[in-house]
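In: pasting the sequence and the predicted model now:
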Amino acid sequence: MEHILSLIVFFPLIAGIFGFVINKQNVKTFGITVAFVEFLLSILLWIAYDPANGGYQFVEYSALIPQFGVSFYLGVDGISLFLVILSTFMTLVSLIALNIKKDIKNLVITVLFLEMTLIGVFLSLDMILFYIFWELSLIPMLYIIGAWGSGQRIYAAIKFFLYTFAGSALMLVGILYLGYQYYLATGTWSFAVPDWYLLVLPFSTQLWLFGAFFLAFAVKVPMFPFHTWLPYAHGQAPTIGSILLAAVMLKMGTYAFIRFSLPFFPDASVYFLYPVAIIATIMVIYAAMVAYAQKDMKQVIAYSSISHMGIIILGIFAMNAEGITGSIFLMLSHGIVSGALFMLVGVIYDRRHTKLMSEFGGLATVMPRYAAIFGILMMAAVGLPLTIGFVGEFLSLLGFYRVSWVITVIAGSGIILGAVYMLTLYRKSFFGKVVKEENKSLKDLDSREFMALIPLVALVVILGVYPKPILSTIDLSVKKTIRLMEKKALLPKTKNFLLKVNSTGGKK
Amino acid sequence: MLDPISIKIASLNLATLAPMAILAFGALSIICVDLFVKKLDKSFFVMFTLLFILLDFTALIGLNGPSRGFFNVMLVDGMSVLAQGVILISSALFILTALSNKPFKEFKKAEYYALFLFMIVGFQFMVATDNLILIFLGLETASLSLYTLIALHNRDKAFEAAVKYFTMGALASGFFAMSSLILYTLTGSVELSIISKVLIARGFAPGAFTLAGVVFMLIALGFKLSIVPTHTWTPDVYEGSSAPLAGYMSVVPKIAGLVVAIRFFDIFLSSQIQWVQDILILLAVLTMTLANITALVQEDVKRMLAFSSIAHAGFVLTAVMVGTTQSNSAIFLYWILFMFTNIGAFTMLWIARHKKNLWDSRYQHPFVKFSGMIKVAPMMATLFAIFMFTLAGMPPFSVFWGKLYLISSVVNSGHVILAVIMVVNSAIAVYYYMKLIVYMFLKDPITEDGNIYEANSSTPIKAIVGITLFFTVMASIFVQPILSIVTDMIRASGY
């Protein structure tokens, strides 16, 4: 049990290396088995996790470069536990639904390698180790989009890689500067995150460093106006690439906000609250309006991702337990729902080789099971109560209500816009008469696709009705982070703000 | 009557000369053996050379006495030992590439190996002294041998490269001589330690002469380090030389130049002379930026790697400017890690070399040559991709750790904006390294036969690629020991 985190991180890598020897026909089975074992390991981690302890568990520490303070430092808490489970689960589901035949071996090995880097990001407790995994995740995604994507794939892949790499470049300077500040304050070099949690920085330093880190995370989330790489990447990526990109990779940015930006720079976070909230609201509404105007199904869902990430950012910057817990839950729900929606788009693309909604119409009569599942997931994306989408959205907005009811109302209207574009998508594709000749003979979901989608639908409903086990575990770790922020806050303005948003403020 | 001059042999500390003497003896013996024995195979020459390099290395790490020797001309301190170590390891890796599959006339000549050994001797002298005349001697010996080595490749482009390098190198040597002249006139000595004392005592007056001395030295060193604006020879010379020699040129003359630069600029930087710092920052930023931007539009992989080497040299120049122990250690850490990667990358080009230019009238290694390599030669494509990602600074490979420590040293000395510029340049650089990867992985193959990519490979060359790949990929484990050794040696040298 001691080294379960190292096992979870490196198991896909070792399995991927073994995959080089497996022959082409069986490599997909190998991939699914490996992903399944990895998923079981993460469930085992959840079972062994102590829900009464909000701190880091299963910590592993070994000094890599003691002279410079770089270490191999892994640890899991309520915030990262479920993101790890989400990563392993979505990898498993996307490999089950995989339908590509060309160079399948390279693809499976790349996906396993990607899984390793994603899990590594969530479990790292050392900044340099985090940076290594953060950058490494770009290589397999570059390859997946560039080699198995559609028409303009090379342009999309390079844009994705360069944009994200350049965004993180400034973060590297920020990390090194923070390391130096720690050295000046304590006399030892260390890049370990728990050590840096104890470091109190002067306000001006916080402002600059918050900006440096913000750039890297903002490109990853992606926040307006750094979001232009996402529609391209999604449009050109193969289904499996889109699923992993939307379900897990985008969460890296928002996770990093909670793990690093808020606790390291509490005063700067409160100082920049309103600008960030305005950007988030723009994301919600602007992306929703652009999504409505799209003709390609996949682009609608891509822009809806940006819209949901806006609500997540609002929840994070509410800086209270409801907001942050809600945003993490919304991360999980968005991962499941978007992953499932991209998978469904992939299903229809496999049959008709087009994603344009104008090519469809009346699919509900031809493919009833597909329509039913798409309907449920669409409702979850909209945020219908009793589906998983509602819980996170509601909690995030509830958390932000304490900060500013105006912005909450405006962002809440994004929910209505979400319903608009989602229902329009559904109507255009599924309802009405079957006009196109090709649509009349489409096959409904086959067993492989069905097996991949059913777990997702089940999760949507179960976690929508009973999210408590997950919420309570996340809540405990989030409260710990908020208490850390309250202790570290330098300016009285920050302290007052944190006190205000974390209380109900009712009349005595 | 004149008094007899009595000098104790022990005071000469001949052990400091031993490494160079061994190699010089080796070079002479190769010539002698070649006189008497006919039809010596290149494998004999290569192994003979390698043997002497090994002996030299043993003598080097066995050095245990005072650092001064031979009437205070030799200075073999920690930094010198480190630099000589880097030079010797690069030389050992380089000479093995002579054992290629295809026959090349230059490898059959004994003179090639003798010149090679003399070149190493020259570079060793350059780093093992702080006497400007001996630096000049070492510089000239090494450079003249290097020019001949380039020309021995026996192609038109090689002749052009050698003559270009020679002409511009001669100009740079002229500037070096002028700088030494000015410094001698100012201070009465050619030894950097005495120059330092005199200049500091005098407060660096008169300013105009000191400025002239520094600027001339900067031009001379800038030529060797390929700093903008004295970098224009680099792409053409790399294009004309054989790939391993280009790789060697991107590592060894630069480390020798860097050591001389550290020694020379320490005089001014430790006294916080502002204009020296400003000039160095300006040149470093210009070098990085111009080289990166020009590399973006290259159509030949070798020229692209040449510009990338210029950019890396500019990167390291910022650390020379910072002048702290951490930054000097960072230079050596960076260069050791960079050595393995760059030699590996150029060796990969050597493996893919053809006699005729099959895809382009001028370039030997155009980007299109490597299209779709992942489908026809997957192993080679993956190795090449790893080297490219490493040079771009992708963690956790070798160059990332060097970059990390170097940027950290720049940030720690307060030059945060410079660090931001360096990082932005790294981001720009990613594009041209990625270009090759995009061609290899994402484009369609231009040839069905994967063997043409391995036409020139042989077991020794594969071993070199294996060694460099090992150090590149497993660098995370080696950084700690390398860093502690480097830091101890630099600190012991007083830098």
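Out: Arrived safely. Residues are numbered from 1 along each chain as shown, chains lettered A, B, ... in the order given.

In: need the three-state assignment for residue 235.
Out: By default, I'm working from chain A. helix (DSSP: H, G, I helix; E, B strand; the rest coil).

In: please refer instead to chain B.
Out: Three-state assignment for residue B:235 (three-state DSSP): helix.

In: would you confirm that it contacts residue B:303?
Out: Yes - using C-beta atoms under 8 Å, residue B:235 is in contact with residue B:303, at 4.9 Å. Placement of C-beta: from N, CA and C, glycine included.

In: in chain A, mark out all the strands, start to finish.
Out: A:57-65, A:70-76 (DSSP state E).

In: close enough to count as contact, residue B:26 and residue B:50?
Out: No - counting by C-beta under 8 Å, residue B:26 does not reach residue B:50; the two are 10.1 Å apart.

In: out of these two, which sits in the busier spot?
Out: Neighbour count, other C-beta atoms under 10 Å in any protein chain shown: between residue B:26 and residue B:50, residue B:26 has more, with 22 against 16.

In: what helix or strand does that one sit in?
Out: Here residue B:26 sits within helix B:18-36, counting by DSSP states H and E.

In: roughly how far out does that helix sit from the chain middle?
Out: Centre-to-centre, helix B:18-36 and its host chain are 24 Å apart (C-alpha atoms, centre = their mean, to the nearest Å).

In: next structured bit after that helix?
Out: Downstream of helix B:18-36, the first helix or strand assigned by DSSP H and E is helix B:42-61.

In: only alpha carbons, please: show that following helix as CSV.
Out: Coordinates of each C-alpha in helix B:42-61 appear next as CSV, following Å, rounded to 0.1, in the frame of the first residue of the first chain:
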residue,chain,number,x,y,z
LYS,B,42,41.2,3.2,-40.1
SER,B,43,40.2,1.1,-37.2
PHE,B,44,43.8,1.0,-36.1
PHE,B,45,44.0,4.8,-36.2
VAL,B,46,40.7,5.2,-34.4
MET,B,47,41.6,2.9,-31.6
PHE,B,48,45.1,4.3,-31.3
THR,B,49,43.7,7.8,-31.0
LEU,B,50,41.1,6.6,-28.5
LEU,B,51,43.8,4.9,-26.4
PHE,B,52,45.8,8.1,-26.1
ILE,B,53,42.7,10.1,-25.3
LEU,B,54,42.0,7.6,-22.5
LEU,B,55,45.6,8.0,-21.2
ASP,B,56,45.2,11.7,-21.3
PHE,B,57,41.9,11.5,-19.4
THR,B,58,43.6,9.3,-16.7
ALA,B,59,46.4,11.8,-16.4
LEU,B,60,43.8,14.5,-16.1
ILE,B,61,41.8,13.0,-13.3
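
In: report the angle between it and helix B:18-36.
Out: Helix B:42-61 runs at 160 degrees relative to helix B:18-36, counting by axes from the mean of the first three to the mean of the last three C-alpha atoms, to 10 degrees.

In: packing partners of helix B:42-61?
Out: Helices and strands touching helix B:42-61, by 3 or more C-beta pairs under 8 Å, 6 or more residues apart in numbering or on different chains; DSSP states H and E, are helix B:18-36, helix B:78-96, helix B:110-127.

In: re earlier: mind listing residues that contact the helix holding residue B:26?
Out: B:40, B:45, B:48-49, B:51-53, B:55-57, B:59-60, B:63, B:84, B:110-111, B:113-115, B:117-118, B:120-121, B:124-125, B:128 (C-beta atoms under 8 Å, 6 or more residues apart in numbering or on different chains).

In: buried ones in it?
Out: If you call a residue buried by 16 or more other C-beta atoms under 10 Å in any protein chain shown, then helix B:18-36 has these buried ones: B:18, B:19, B:20, B:22, B:23, B:24, B:26, B:27, B:30, B:34.

In: reformat those as JSON lines; add distance to residue A:428 and pLDDT.
Out: Formatted as JSON lines, the buried residues of helix B:18-36 follow (distance: C-beta to C-beta, whole Å; pLDDT from 0 to 100):
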{"residue": "B:18", "distance to residue A:428": "84", "pLDDT": "88"}
{"residue": "B:19", "distance to residue A:428": "79", "pLDDT": "91"}
{"residue": "B:20", "distance to residue A:428": "81", "pLDDT": "92"}
{"residue": "B:22", "distance to residue A:428": "82", "pLDDT": "93"}
{"residue": "B:23", "distance to residue A:428": "79", "pLDDT": "92"}
{"residue": "B:24", "distance to residue A:428": "83", "pLDDT": "93"}
{"residue": "B:26", "distance to residue A:428": "81", "pLDDT": "93"}
{"residue": "B:27", "distance to residue A:428": "81", "pLDDT": "93"}
{"residue": "B:30", "distance to residue A:428": "81", "pLDDT": "92"}
{"residue": "B:34", "distance to residue A:428": "83", "pLDDT": "89"}
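
In: tell me the residues of the stretch 151-300 of chain A that contact chain B?
Out: Contact residues, the stretch 151-300 of chain A versus chain B (C-beta under 8 Å from any C-beta of the partner chain): A:153-154, A:157-158, A:161-162, A:165-166, A:169-170, A:172-173, A:176-177, A:179-180, A:183.
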